[in-house]
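A.B. asks: Predicted model and sequence follow; I will ask about them next.
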Amino acid sequence: MTVKDEFELRKEGRVEEAYNAIMPMYKEHHGHYTTLCMFWCGCDMAKLHINRGNSNDALRILQSLARLYPDLEDKDLNAKQTLLNIAVQLAKADKSFSLLDFMQWWGIENLKDVDFEAVQSNGHPVPSRGQRIASRIFHEVKDCDEMERVRIAMPYIDLALLHTPHNRNLKRAKALLLAKTGKKEQAVAIYCELARYGKEAYIFSELAALTDDKKEKLGLICKAITLQRSEAFRQKDRLRLAELLQDVRPRMARYEVDQCVRVREANNQHNNRHINVLLRKLQNVAPASAKEQQEFYRKAIDKLLLPLSKDYTICGKKSYT
């Protein structure tokens, strides 16, 4: 069988036959056409493994193709773009695959404008490939303790924002990474912009975590609680609020803790240590009524200048955006 025969098998869609046939040929000879055929048959096989759910096999082939690539003639970078497509598909199929590591090999400079062009699927707009790459890389490092990896990830977020400057998810990703690397003021500035026109509870909750002023923290957490539609997702902010209020407004604090207990009981969950500590401290305190608590939220939120004015303070400093 010749290399020409291998390419014919590919055209006929006989992926496994073509791949198995080219393997022994490539081991013996690394000529131009043999290498070319090995590469494209390998790409076909990697895609097939991904479709079948064989992530480990797909990764093994992708790594082999990356090692083979320097021997390949690829003037139009079509082959390298194909490797990127495989990597993005693999990242979607296997959460353990590091797209950041792959992109360091692939080269951020090879991401072009076309990678950030708007695309559609079934008539609906979907994020561009560049946006999906940036988003996946963010999720890889957002809980990472290695600051060097976080810093390496940042240019991908910046590049995606350069092409889609109004993307709120990417702005939030950048703010989270800035905060993680100790650039608190820059992170706060982005959050302030997002919070002014946003109704996402997590924006106010995350901004509260960066705010040192207790009144601002109080108002932001109250805002997050009122915006959050799911009671299950209010748990974290309710406990943060209870912690802030336990000494100064114990009845309000008890209300928040009781709401957490109620939700946990409804879901057959035990109280965590944090709840039990607060319950012990507030055991002799009668909770505020729902009406009283709602009025407390309103007053705390009204004290925030953030949603109402271009002139507001965060962390004790005046900011303008």
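C.D. replies: All right, it came through fine.
A.B. asks: make it CA atoms for all contacts and neighbour counts henceforth
C.D. replies: Fine.
A.B. asks: remind me, longest helix of the protein?
C.D. replies: Taking DSSP state H as the criterion, the chain has its longest helix at helix 32-52.
A.B. asks: on contacts alone, who are the packing partners of that one?
C.D. replies: Here helix 32-52 touches helix 3-11, helix 15-28, helix 55-68, helix 78-93, going by 3 or more C-alpha pairs under 8 Å, 6 or more residues apart in numbering; DSSP states H and E.
A.B. asks: in that helix, what counts as buried?
C.D. replies: By neighbour count with 16 or more other C-alpha atoms under 10 Å, helix 32-52 contains the buried residues 34-50.
A.B. asks: what angle separates that helix from helix 55-68?
C.D. replies: Helix 32-52 runs at 160 degrees relative to helix 55-68, counting by axes from the mean of the first three to the mean of the last three C-alpha atoms, to 10 degrees.
A.B. asks: Can you give the contact residues for helix 32-52?
C.D. replies: 3, 6-7, 10, 15-16, 18-19, 22-23, 25-26, 55, 57-59, 61-62, 65, 68-69, 71-73, 82-83, 86, 89-90, 93 (C-alpha atoms under 8 Å, 6 or more residues apart in numbering).
A.B. asks: Ok, stretch 277-290 next?
C.D. replies: 242, 243, 246, 250, 251, 252, 253, 254, 255, 257, 258.
A.B. asks: Output those residues in a markdown table, with distance to residue 121, neighbour count and secondary structure appended to each entry.
C.D. replies: Listed next are the contacts of stretch 277-290 as a markdown table, based on distance: C-alpha to C-alpha, whole Å; neighbours: other C-alpha atoms under 10 Å; DSSP: H, G, I helix; E, B strand; the rest coil:
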| residue | distance to residue 121 | neighbour count | secondary structure |
| --- | --- | --- | --- |
| 242 | 45 | 23 | helix |
| 243 | 46 | 19 | helix |
| 246 | 51 | 16 | coil |
| 250 | 53 | 21 | helix |
| 251 | 52 | 21 | helix |
| 252 | 48 | 22 | helix |
| 253 | 48 | 28 | helix |
| 254 | 49 | 26 | helix |
| 255 | 47 | 21 | helix |
| 257 | 45 | 24 | helix |
| 258 | 45 | 17 | helix |
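A.B. asks: Between these, which sits nearest residue 213?
C.D. replies: Using C-alpha to C-alpha, residue 243 comes nearest to residue 213 of the contacts of stretch 277-290, at 14.9 Å.
A.B. asks: Distance of the closest residue to the closest one other than its chain neighbours relative to residue 209?
C.D. replies: In space, and not counting its chain neighbours, residue 243 is closest to residue 253: 7.1 Å by C-alpha to C-alpha, 6 or more residues apart in numbering. Distance of residue 253 to residue 209, computed by C-alpha to C-alpha, to the nearest Å: 18 Å.
A.B. asks: Kindly report the same for residue 137.
C.D. replies: According to C-alpha to C-alpha, residue 137 and residue 209 sit 23 Å apart.
A.B. asks: just residue 144 next, same as before
C.D. replies: In terms of C-alpha to C-alpha, residue 144 sits 18 Å off from residue 209.
A.B. asks: do residue 139 as well
C.D. replies: With C-alpha to C-alpha as the criterion, residue 139 and residue 209 are 19 Å apart.
A.B. asks: Same check on residue 23?
C.D. replies: According to C-alpha to C-alpha, residue 23 stands 55 Å off from residue 209.
A.B. asks: Repeat that for residue 217.
C.D. replies: From residue 217 across to residue 209, the span is 7 Å (C-alpha to C-alpha).
A.B. asks: again, but for residue 52
C.D. replies: Residue 52 is 43 Å from residue 209, where distance means C-alpha to C-alpha.
A.B. asks: Please apply the same query to residue 73.
C.D. replies: Taking C-alpha to C-alpha as the measure, residue 73 falls 52 Å from residue 209.
A.B. asks: Now for residue 293, how many residues are close by?
C.D. replies: By the criterion of other C-alpha atoms under 10 Å, residue 293 has 17 neighbours.
A.B. asks: Look at residue 143 and tell me its secondary structure.
C.D. replies: Recorded secondary structure, residue 143: coil (DSSP: H, G, I helix; E, B strand; the rest coil).
A.B. asks: Phi first, then psi, for it.
C.D. replies: Backbone torsions of residue 143, given as degrees, to the nearest 10, read phi -110, psi 20.
A.B. asks: Just the residues contacting the helix or strand hosting residue 244, thanks.
C.D. replies: Element membership for residue 244 (DSSP states H and E) is helix 231-245. Helix 231-245 is contacted by residues 205, 218, 221-222, 224-225, 228, 252-254, 256-257, 259-260, 263, 274-275, 278 when judged by C-alpha under 8 Å, 6+ apart.
A.B. asks: Before I go, just wanted to say thanks for your time.
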